[in-house]
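**Q** got a predicted structure here, sequence first:
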Amino acid sequence: MPAQKHQYLLRGEITATAPLSVTYVGLDGRLPRTPHGEVFLNSGTLRGPLRKAALRVAKEQVNEALSLQTLYMLGEGVDTTREVNNEAGKYYDPAAEQRLRETNLILDMFGRWRLAGQLSVSPLRTAAGNVMQAGQGTRHDQFERDPSLVEWLSEEDQAALRDMIASASASMADIAPLQAEIKQLKAQYRKTDDREQKSQLWKQVERLEAEIKELRENRKGAENSIKHPIEGYEAIAPGSTLSSTLKLRNVSEASLGLLLETLIVFSRHPVIGGHQGAGGTLEARWTVYRRDAGSLQAEEIGEVALDELGIQLIGDALEAAREAFRAAIPTQDLSCYLLEQAMQKAPRGR
């Protein structure tokens, strides 16, 4: 008999313990806004690290040698061999897809092209008032902070250092007004809805950025000046809470077990987003619900709480799910990611 299918929901919140930031293309360093006074981080900001943690689960528990293409398929859903592309249009066999999902629970959970993952991760939403500017500062030249370092340099290098400092200072004087103009143009770009005006403004930005690039390329030493102000970036402030929901659709108890094992691995390094050298850490707490076919309400079956010190799994049903995943490990073939491969597998229970 096939394993009974359920819907699982982990609903709770994430708390930032350091600034959380993500760079999104086209937003000029700003975080996405909703019309309801909120900012959010896209679902991939959490789903991506969870997928990498699931790959670590495979390495540590399934203990199966994996090829390069399999690692890319599991860790990123990327088909480096183009076999999935070639598979498209040949045929579609629902029975083969089901066997593929049963044989490769990681692929079932996170998916690949033409195979939707069963795990949905909500955007992480919080009030817009929780946004701050992080990472500002000024980078200093180490020789200005500690002139005694020049004692290690030869006379030739000391002369080169003097030339680099003079060149950088001169070019920064030329670059600063261009950067200020770019900032103003980008602010105008964000405010207007006129497509033609947007196009003209962006052309001006590109022209000024080309001038800055030329100035930097012509300076002596590093292309980017060692000594310069750092504007920082938008981030969600430490102490802010963000709503979070993880949902597993039409999966077996073993899949919940895989998700729990994934969260255990993630708790070792609970970090999301960019600028991880200065932020990205979080704490999280979810209530776990299960809803079976025909039921009108989901049933609470446990809780999950994690931070940098560890993870708590509360509820007998959660431990049973972990046990179900461990029992399913002998049936897994993580190198199986094609329908044609899955067709060669014997249906479970036969």
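**A** Thanks, I have the structure now. From a predicted model like this one, the values you see are computed outputs, not experimental measurements. Numbers count the residues shown, from 1 in each chain.

**Q** alpha carbons only for contacts and neighbour counts from here, please
**A** Noted.

**Q** quick one: name whatever helix or strand follows the longest helix seen in the chain.
**A** For the chain, the helix with the greatest residue count under DSSP state H is helix 155-191. Where DSSP states H and E defines the elements, the next helix or strand beyond helix 155-191 is helix 195-218.

**Q** quick one: that next one to helix 155-191, angle?
**A** Angle of helix 195-218 versus helix 155-191, following axes from the mean of the first three to the mean of the last three Cα atoms, to 10 degrees, is 180 degrees.

**Q** all numbers from here: first residue = 5
**A** All right, first residue 5 from here; so that's helix 199-222.

**Q** quick one: buried residues of helix 199-222?
**A** For helix 199-222, the neighbour count (16 or more other Cα atoms under 10 Å) marks 202, 205-206, 209, 212-213, 216, 219-220 as buried.

**Q** report the rounded mean pLDDT for that helix.
**A** Mean pLDDT, helix 199-222: 83.

**Q** thinking again about what came up before, let me know the closest of the buried residues of helix 199-222 to Pro151.
**A** Among these, Arg220 lies closest to Pro151 (Cα to Cα), at 25.1 Å.

**Q** pull out the buried positions in stretch 147-166.
**A** Leu165.

**Q** scratch that, stretch 61-73 is what I was asking about
**A** 61-62, 66, 73.

**Q** repeat that for stretch 246-256.
**A** 246-256.

**Q** over to stretch 269-280?
**A** Applying 16+ other Cα under 10 Å to stretch 269-280 flags 269-271, 273-279 as buried.

**Q** beta partners of Leu119?
**A** Per DSSP bridges, the residues bridged to Leu119 are Arg116.

**Q** hmm, back to that, nearest to Thr335, of the buried residues of stretch 61-73?
**A** Relative to Thr335, and with distances defined as Cα to Cα, the nearest of the buried residues of stretch 61-73 is Val66, at 10.0 Å.

**Q** thinking again about what came up before, which among the buried residues of stretch 61-73 gets closest to Leu322?
**A** The nearest one, if we look at those relative to Leu322 and count by Cα to Cα, is Val61, at 16.8 Å.

**Q** mind checking which helix or strand the closest one is in?
**A** helix 48-61.

**Q** quick one, whatever helix or strand comes next after that helix and helix 48-61 angle?
**A** Counting by DSSP H and E, the element after helix 48-61 in chain order, helix or strand, is helix 72-80. Interaxial angle of helix 72-80 relative to helix 48-61 (the same axes, to 10 degrees): 140 degrees.

**Q** CA atoms only: put helix 72-80 into CSV for me.
**A** The C-alpha trace of helix 72-80 is given here as CSV (Å, rounded to 0.1, in the frame of the first residue of the first chain):
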residue,chain,number,x,y,z
LEU,A,72,28.7,16.6,-9.9
GLN,A,73,25.4,16.8,-11.9
THR,A,74,23.5,15.1,-9.1
LEU,A,75,24.8,17.6,-6.6
TYR,A,76,23.8,20.5,-8.8
MET,A,77,20.4,18.9,-9.3
LEU,A,78,19.8,18.4,-5.6
GLY,A,79,21.3,21.6,-4.3
GLU,A,80,20.1,24.0,-6.9
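
**Q** how far off centre is it?
**A** 16 Å (Cα atoms, centre = their mean, to the nearest Å).

**Q** that helix - what's its average pLDDT?
**A** Rounded mean pLDDT across helix 72-80 is 88.

**Q** what residues sit buried inside it?
**A** 73-75, 77-80.

**Q** tell me which helix or strand of this protein sits lowest on mean pLDDT?
**A** In the chain, no helix or strand scores lower on mean pLDDT, DSSP states H and E than strand 232-234, which sits at a mean of 63.
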